[in-house]
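**Student:** Sequence and computational prediction follow.
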Amino acid sequence: QVQVVESGGGLVQAGGSLTLSCAASGSISGLNPMGWYRQAPGKQRELVAVVHNSGTVNYLDSVEGRFSISRNNAQNTVYLQMNSLRPEDTGDYYCNGARGVLRGRVYNTGDFLSWGQGTQVTVSS
């Protein structure tokens with residue numbers, strides 16, 4: 001089965017930027033759309049951004065305009081560019097097929113991978 005490895009997290013001050021990467025061990029073209037998820041301390045994992053093979057994207061309201069998701073199927077990689085970070089963006093970030101609801105749209109990608117270890121993002125105020 002395809003496995004994913006997330007990277008790029010770290011500790012940043014509020015207003016800073018980070019770029020997360022999700023590298024898959026095999027083809028991700030069948031995972032359409034792909035998504036980035038966030039799990040804040042003590043909270044459930046939530047879908048924050050999705051990207052289709054077509055390039056169509058969607059975002060959680062609270063990250064719209066600050067985060068940008070993209071994918072490179074040739075390199076089996078998904079990215080999340082995060083700007084103007086806020087303390088409430090703190091959490092562990094994961095990638096996988098998109099399952100969840102964003103702005104009223106329901107995503108239920110049939111293929112779903114085992115969760116990677118995630119990458120930790122900490123935003124200090």
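**Tutor:** Okay, I see it. Numbers count the residues shown, from 1 in each chain.

**Student:** Find the nearest non-adjacent residue to Tyr79, please.
**Tutor:** The shortest distance from Tyr79 to any non-neighbouring residue, by Cβ to Cβ, 6 or more residues apart in numbering, is to Ser70 (4.9 Å). All C-beta spots, glycine's among them, are computed from the backbone N, C-alpha and C.

**Student:** residues touching that neighbour, list them.
**Tutor:** Counting by Cβ atoms under 8 Å, 6 or more residues apart in numbering, Ser70 makes contact with Val51, Gly55, Val57, Val78, Tyr79, Gln81.

**Student:** could you pull out the strands for this protein?
**Tutor:** Per DSSP state E, the chain carries strands over the ranges 4-7, 10-13, 18-24, 34-39, 46-51, 57-59, 67-72, 77-82, 91-97, 99-102, 105-108, 119-124.

**Student:** Can you give me every residue that contacts the closest residue to Gln13 other than its chain neighbours?
**Tutor:** Excluding its sequence neighbours, the residue lying closest to Gln13 (Cβ to Cβ, 6+ apart) is Ser124, at 5.4 Å. Residues near Ser124 by Cβ under 8 Å, 6+ apart: Leu11, Val12, Gln13, Ala14, Pro87.

**Student:** ok, and the most crowded of those?
**Tutor:** Val12 (17 neighbours; other Cβ atoms under 10 Å).

**Student:** shouldn't it be in contact with Leu85?
**Tutor:** Yes: contact criterion Cβ atoms under 8 Å: Val12 and Leu85 qualify, at 5.7 Å.
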